[in-house]
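Q: using only what follows, build the 3D model:
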Amino acid sequence: MNTKNFRFILGCNYVDLGLLLDSSGSIVDEEAWVYEQRFVKQIISRMYVGPDEDHVGMVTFSSTVKILFNLTTFYDLTDMYNTIDITRALDANTYTGLGLR
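A: Numbering: from 1, shown residues only. I've put the predicted structure just below:
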């Protein structure tokens, strides 16, 4: 089985993936936030991102919401990785419902 390709696993032609990351005070230290960032990068590394390929969007939330990139912002994994790497936890209250809106 080709575990590199989500399309194969899901049995579809393309994948649009929206990621919602908790960056609230629940992420109590930098180590936990770095772990969350690394996990997200591992997920998207299994995708074939491009204009006519898979698309990824990512939002962080706490008591506010920050759209890091939408499904059409980046078509290159390196740009996504760089944005994920420079993002810091918002470190406020946890409002999951706000992030889901």
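Q: the helix or strand containing residue 42 - contacts with which helices or strands?
A: In the assignment (DSSP states H and E), residue 42 maps to helix 30-44. When contacts are defined as 3 or more CB pairs under 8 Å, 6 or more residues apart in numbering; DSSP states H and E, helix 30-44 packs onto strand 16-22, helix 77-86. The C-beta positions use only the backbone N, C-alpha and C, and glycine is treated the same way.
Q: any chance of these in CSV with mean pLDDT, mean neighbour count and distance to residue 38 as columns?
A: CSV is the format used below for those (pLDDT from 0 to 100; neighbours: other CB atoms under 10 Å; distance: least, CB to CB, whole Å):
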stretch, mean pLDDT, mean neighbour count, distance to residue 38
strand 16-22, 88, 16, 12
helix 77-86, 93, 14, 9
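Q: now find how far off-centre stretch 76-86 is within its chain.
A: Distance, stretch centre to chain centre, for stretch 76-86: 10 Å (CA atoms, centre = their mean, to the nearest Å).
Q: likewise stretch 63-81?
A: Worked out by CA atoms, centre = their mean, stretch 63-81 lies 7 Å from the chain centre.
Q: neighbours of the nearest residue to residue 15 once chain neighbours are set aside, just the number please.
A: Of all residues beyond its chain neighbours, the one nearest residue 15 is residue 54 (4.5 Å), with distances taken as CB to CB, 6 or more residues apart in numbering. The number of residues packed near residue 54 is 21, by other CB atoms under 10 Å.
Q: what's the answer for residue 43, then?
A: Other residues near residue 43 come to 12 when the count uses other CB under 10 Å.
Q: I appreciate the help and will end here.
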